[in-house]
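# Pasted the sequence and its predicted model underneath.
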Amino acid sequence: MRWAVRRTAELIARQTQARFSSPERIHIKANLFHGYEIRPLLTALRRQQQQQRLRLDAVMLGDSFLTTHLGYPSTVLDGEELQEFFLRVQLSLLVEIRRELDRTALSEEVYLIADMPHGSARHVDLGLQNAQRVLAHGADAIKIEVTTLDHLSLIEELSGGGVPVLAHLGYSPQAGGAKFVARTIDEARKLFRLAQQCRNAGAYALVLEGVATPALAALAAHNDGGLPVYAIFSGHAPYAGQSVNVWDALYRPPFPARYFPPTASLDVSTFPASYTDAAIVEHCRLLLELLGTSYPIFRGADMSGSEAAELMQSNPWC
């Protein structure tokens with residue numbers, strides 16, 4: 001396991017160097033739920049017209065499996081028994097995805113992230129224990145939604161032991177709260193301070209969900225001391241990676257969703273019959289073609305144009 005973690009850290013370092021040497025290239029973290037989604041995703045990447053513009057860094061098993069496949073209203077789990085049950089579900093899916101990823105030609109260039117589900121890291125000791133479980137089941141790195149000081153301590157413990165940790169900031173589905181973050185200068189500066197804390201704790205990158213685009217642009221820019229970022233529903237900016245969800249590329253959510261992929265044209269009631277390799281390839285290909293152009297759409301902010309420009313030109317990492 002230590003060799004695998006070391007290999008992942010070296011791969012992440014190469015990806016980061018490549019990202020900051022080519023601002024026009026979009027680095028992708030692709031969220032999926034099953035091993036069988038990997039091959040059609042890779043086919044879509046090969047078929048989209050501007051292959052050199054995109055680079056797949058990692059695939060991630062997301063906790064939204066709870067809502068998409070198990071019928072839960074959110075990713076919040078009530079009670080330790082249910083939290084342990086879903087973690088076991090995640091572990092079985094990790095084994096499946098690991099096996100399929102290792103069969104591909106990109107297994108040495110793409111790593112596997114495990115999303116720590118709600119309750120699995122509610123205190124540091126439990127988080128360390130469960131992190132070792134997901135690593136033992138095939139994960140190369142771990143994503144944590146950072147909502148408490150314990151999460152920062154957990155990042156410090158894990159990264160200090162050589163485990164790559166991806167910190168999720170902005171809107172946190174596991175904790176609720178505002179779905180649109182960093183709308184004002186004060187909110188943006190609060191986000192910047194938390195990003196610095198994650199960096200100082202040892203996180204290797206950030207996921208920014210539901211963040212105003214000017215704040216995304218500031219955090220993504222190639223600044224001294226900065227971390228790579230992957231955006232979700234936060235617009236796009238130079239150097240910003242994107243987190244894309246294979247499921248969301250196909251299926252319309254059951255609620256008004258202005259910022260979701262425009263390629264989602266299928267009703268979830270047609271699953272699983274409509275979830276074919278051909279459908280995954282075509283919808284993902286279309287979504288990849290839109291990345292960095294018409295999608296994701298700009299996420300405005302409650303600040304003047306001059307304030308937004310000043311924010312984007314600042315270095316939020318110092």
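It's in. On a predicted model such as this, the values are computed, not experimentally measured, just so you know.
# How about Ile155, nearest residue that isn't a chain neighbour?
Excluding the flanking residues, the one nearest Ile155 by C-beta to C-beta, 6 or more residues apart in numbering is Ala201, at 4.1 Å. (Each C-beta comes from the backbone N, C-alpha and C, glycine too.)
# what separates the one you found from Val211, distance-wise?
19 Å (C-beta to C-beta, to the nearest Å).
# ok, now Thr43?
31 Å.
# What of Ala220?
Distance, Ala220 to Val211, using C-beta to C-beta: 10 Å.
# Now do the shared contacts for those two.
Shared contacts of Ala220 and Val211 (C-beta atoms under 8 Å, 6 or more residues apart in numbering): Ala231.
# who touches Glu24 in this structure?
Arg53, Pro238.
# Would you verify that it is located in a helix?
No. Counting by DSSP: H, G, I helix; E, B strand; the rest coil, Glu24 is located in no helix; its state is coil.
# I'd say Thr263 and Leu287 touch.
Yes. At 4.7 Å, Thr263 counts as touching Leu287 under the criterion of C-beta atoms under 8 Å.
# quick one: which of these two has more around it?
The residue with more neighbours, out of Thr263 and Leu287, is Leu287; 23 against 19, by other C-beta atoms under 10 Å.
# Show me where the stretch 101-250 of the chain has its helices.
124-136, 149-160, 185-201, 213-220, 246-250 (DSSP state H, counting those that start in this stretch).
# so the longest one versus helix 213-220, what angle?
Helix 185-201 and helix 213-220 meet at an angle of 30 degrees, taking axes from the mean of the first three to the mean of the last three C-alpha atoms, to 10 degrees as the criterion.
# Return the set of buried residues in helix 185-201.
The neighbour-count check on helix 185-201 (16 or more other C-beta atoms under 10 Å) flags Ile185, Glu187, Ala188, Leu191, Phe192, Leu194, Ala195, Gln196, Gln197, Cys198, Arg199, Ala201 as buried.
# And the contacts of that helix?
146, 152-153, 155-156, 159, 167, 169-170, 181-182, 206, 211-212, 214-215, 218-219, 225-227, 301, 303, 307, 311, 316-317.
# gap between the lowest-mean-pLDDT helix or strand in the chain and the chain center?
Ranking every helix and strand in the chain by mean pLDDT, DSSP states H and E puts helix 2-21 at the bottom, with a mean of 85. Its chain's average C-alpha position is 16 Å from that of helix 2-21, according to C-alpha atoms, centre = their mean, to the nearest Å.
# neighbouring strands for the helix or strand just after that helix, and are they parallel or not?
Sequence order places strand 26-32 as the next helix or strand after helix 2-21, per DSSP states H and E. Strand 26-32 sits in its sheet next to strand 54-61 (parallel), strand 241-245 (parallel), going by DSSP bridges.
# Flag every buried residue along strand 26-32.
For strand 26-32, by 16+ other C-beta under 10 Å, it's Ile26, His27, Ile28, Lys29, Ala30, Asn31, Leu32.
# go on, stretch 106-113?
Val110, Tyr111, Leu112, Ile113.
# what sits opposite the last one in the beta ladder?
Read it as Ile113. Beta-bridge partners of Ile113, as defined by DSSP bridges: Met60, Ala141.
# Quick check: it vs Ile144, distance?
11 Å.
# Quick check: neighbours shared by those two?
In contact with both Ile113 and Ile144: Leu166, using C-beta under 8 Å, 6+ apart.
# Can I get the strands paired with strand 26-32 in CSV including distance to Glu81 and mean neighbour count?
Below are these laid out as CSV (distance: least, C-beta to C-beta, whole Å; neighbours: other C-beta atoms under 10 Å):
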stretch, distance to Glu81, mean neighbour count
strand 54-61, 21, 24
strand 241-245, 28, 24
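# Let me know whether Asp150 touches Leu126 as I believe.
No. Using C-beta under 8 Å, Asp150 is not in contact with Leu126; the gap is 9.5 Å.
# residues contacting the residue lying closest to Ala220 once chain neighbours are set aside?
Leaving out its chain neighbours, the residue that sits closest to Ala220 by C-beta to C-beta, 6+ apart is Ala240, at 3.7 Å. When contacts are counted by C-beta under 8 Å, 6+ apart, Ala240 touches Ile26, Leu216, Ala217, Ala220, Val229, Tyr230, Ala231, Ser234.
# now with 6 Å?
Leu216, Ala220, Val229, Ala231 (C-beta atoms under 6 Å, 6 or more residues apart in numbering).
# Serialize those to TSV and add fields for pLDDT and distance to Ile38.
Formatted as TSV, those follow (pLDDT from 0 to 100; distance: C-beta to C-beta, whole Å):
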residue	pLDDT	distance to Ile38
Leu216	97	28
Ala220	96	27
Val229	98	24
Ala231	98	22
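# Closest one to Arg258 out of the residues you listed, please.
Nearest to Arg258 out of these is Ala231 (C-beta to C-beta; 15.5 Å).
# beta partners of the closest one?
Leu208, Gln242.
# which SSE is Met312 in?
helix 305-313.
# Show me what counts as buried in that helix.
For helix 305-313, by 16+ other C-beta under 10 Å, it's Ala308, Leu311, Met312.
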